[in-house]
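Novice: One predicted model, sequence on top.
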Amino acid sequence: MTTEQWERENQDTLMEYFIDGDPSVRRIQCEYCRKVIYTQTRNRKYCSFQTCGHKMLNLRKSLKKRAERGTYTCACCGKQFLPIRADARYCSNACRQKDYRHRKTAARTSLLGT
């Protein structure tokens, strides 16, 4: 049994130690899900590293990638935006639909006109 597993199973005991003023127990909030946990581990940040820890690492990675990509210009309205996907062309669903309708109308008129 790991320390993390023991602490997860004995939160009531650790809470009592914390209330009694035991300096080795501290109360923290999970950095990902904000759940309050009691721990004796100094560098613990997450309620469970297997779930919240990995999710937070993935979140940080994706935010870093978004920042590195920089801002894009919307193909429809020309507004600057931070893309979620690397191949994003539009700032919103509304602009994507508006541009699609515009392209379909232009294609239809060119077919009817010739």
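Specialist: Cool, got the structure.

Novice: rest of the way, CA atoms for contacts and neighbours
Specialist: Noted.

Novice: ranges for the strands of the chain?
Specialist: For the chain, strands defined by DSSP state E occupy the ranges 26-29, 36-39, 72-73, 80-81.

Novice: Give me the contact list for the last one.
Specialist: Which is strand 80-81. Applying C-alpha atoms under 8 Å, 6 or more residues apart in numbering, the contact partners of strand 80-81 are 71-74, 91.

Novice: Buried among these? Make that a ChimeraX selection.
Specialist: Remark: buried members of those, expressed as a ChimeraX selection using 16 or more other C-alpha atoms under 10 Å:
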select :72,73,74,91
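
Novice: thinking again about what came up before, deepest of the strands of the chain, which one?
Specialist: strand 36-39 (a mean of 20; mean count of other C-alpha atoms under 10 Å).

Novice: That strand - what's its average pLDDT?
Specialist: Averaged over strand 36-39, pLDDT sits at 94.

Novice: That strand pairs with which strands, and in what direction?
Specialist: Partner strands and pairing direction for strand 36-39 (DSSP bridges) are strand 26-29 (antiparallel).
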